[in-house]
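# kindly return the folded structure for what I paste below:
(2 chains)
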Amino acid sequence: MPTLKPVAAPPIQGVVPALNELPGFSPGDAIRVGVRSPIGHYRVPIYLRGKTGTVVQVIEPAMVDNEAEGFGKNAGSKRHYYRISIPMTQVWADYQGSPRDELRIEIFETWLERV
Amino acid sequence: MTHTSHIHDDGSHHDHDHPHAEISVGEKPGYYAVMETAVRELLIAKGLITANDIRHQLEVLDSRTPALGAKVVARAWVDPGFKARLLADGRAACEEFGISFYDDTQLIVLENTPAVHNLIVCTLCSCYPRPVLGLPPDWYKLKPYRARAVSEPRVVLREFGTIIPDDVEVRVSDSTSAVRYLVLPMRPAGTENLGEEQLAALVTRDAMIGVIPVTLDQEVGQ
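Numbers count the residues shown, from 1 in each chain, chains lettered A, B, ... in the order given. Model (predicted):
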């Protein structure tokens, strides 16, 4: 496949990235979705909180965290977010279907814990 | 009711000599309808937007229909380079194709293969790839589909007449944030001699949501 568009490389020697500038997770990383019940506008569905999964993809570019946006805070609230894969059998104990079936969802870094 | 000559859906053309229900809004507006009207009137009164801005945005939304998505799918089927760009960056490839995105959403295109069948849903509300498909169908927005698509997708698919063999992975993508999804269905066998336009006519909205495959005998316009 030809190169489709330039992809950011890791910083070369001497280049110091800002805090949170680089994604904290990489494809293949094992994660757990945070278990929190804050009041207000939150986008992580309750049925996935506490579930463990795998980072499939860093979705570029980083976006304004829509949970901050929900409160009118846009400046400085860009966050990395990821396409996460969670096996259906992990989401539902009594799942009927193939053990390979999976749920995919995009989740902001603020909700991900390293396993 | 005015008596005018007009064409009915069945194509018949006649003067009125039979009763119709009046086409009108009879019920009082609900809480959110009143809220919408109040906010809209305030925004216009304060000069932040104009009535024409709203009318124009409705025109933008009305211009988006599944026919656009079908053209994208057909192009991907006939042009491997376009397909690669579409799978790498759905939004950029659609923009290259001439379909603008009027919002900040990204688009991830999910390719169905003999090994993976994709299904899209928004469990929180009604996120949908509107720039390329237009408005979602009502069932997509209602709670039964939203809840069941993630908990028993194979049963839901069966209700649409789609039986996915056990050795094919069902992959459900729940759209909750800035990403919208579009399913790239498999090109059916027996379409080798069809042109891009004929191929596009086979691709339906439901196939791009992932509840049915594209088939040759698909009735166009369903």
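
# heading C-terminal from the lengthiest strand in chain A, find the next helix or strand.
When chain A is parsed with DSSP state E, its longest strand is strand A:52-64. Next in sequence after strand A:52-64, counting helices and strands by DSSP states H and E, comes helix A:66-69.

# next secondary structure after that following helix?
strand A:78-87.

# does that next one reach chain B?
Yes - Strand A:78-87 lies within reach of chain B by Cβ under 8 Å from any Cβ of the partner chain, at A:Tyr81, A:Arg83. Glycine gets a C-beta too; all of them are placed from N, C-alpha and C.

# by how many degrees do the longest strand of chain A and strand A:78-87 diverge?
160 degrees (axes from the mean of the first three to the mean of the last three Cα atoms, to 10 degrees).

# for strand A:52-64, what does the pLDDT average out to?
Taken as a whole, strand A:52-64 carries a mean pLDDT of 93.

# how many residues are close by A:Ile105?
A:Ile105 has 25 neighbours, counted by other Cβ atoms under 10 Å in any protein chain shown.

# for it, phi and psi?
phi -160, psi 150 (degrees, to the nearest 10).

# ok, now how distant is it from B:Arg146?
Applying Cβ to Cβ, to the nearest Å, the value for A:Ile105 to B:Arg146 is 13 Å.

# B:Arg158 now?
Computed as Cβ to Cβ, the B:Arg158 to B:Arg146 distance reads 18 Å.

# what lies in contact with the helix or strand harbouring B:Glu41?
B:Glu41 belongs to helix B:31-45 when elements are defined using DSSP H and E. For helix B:31-45, contacts defined as Cβ atoms under 8 Å, 6 or more residues apart in numbering or on different chains pick out B:Pro29, B:Ile49, B:Thr50, B:Ala51, B:Ile54.

# now do stretch B:89-106
By Cβ under 8 Å, 6+ apart, stretch B:89-106 touches A:4-5, A:59, A:63-64, B:57, B:60, B:68, B:71-72, B:75, B:82, B:85-86, B:107-109, B:129-132, B:178-180, B:182.

# how about 7 Å then?
For stretch B:89-106, contacts defined as Cβ atoms under 7 Å, 6 or more residues apart in numbering or on different chains pick out A:4, A:59, B:60, B:68, B:72, B:75, B:82, B:85-86, B:107-109, B:131-132, B:178-180, B:182.

# tell me which of those fall in strands.
Those of those lying in strands (DSSP E): A:Ile59, B:Leu107, B:Ile108, B:Val109, B:Val179, B:Arg180, B:Leu182.
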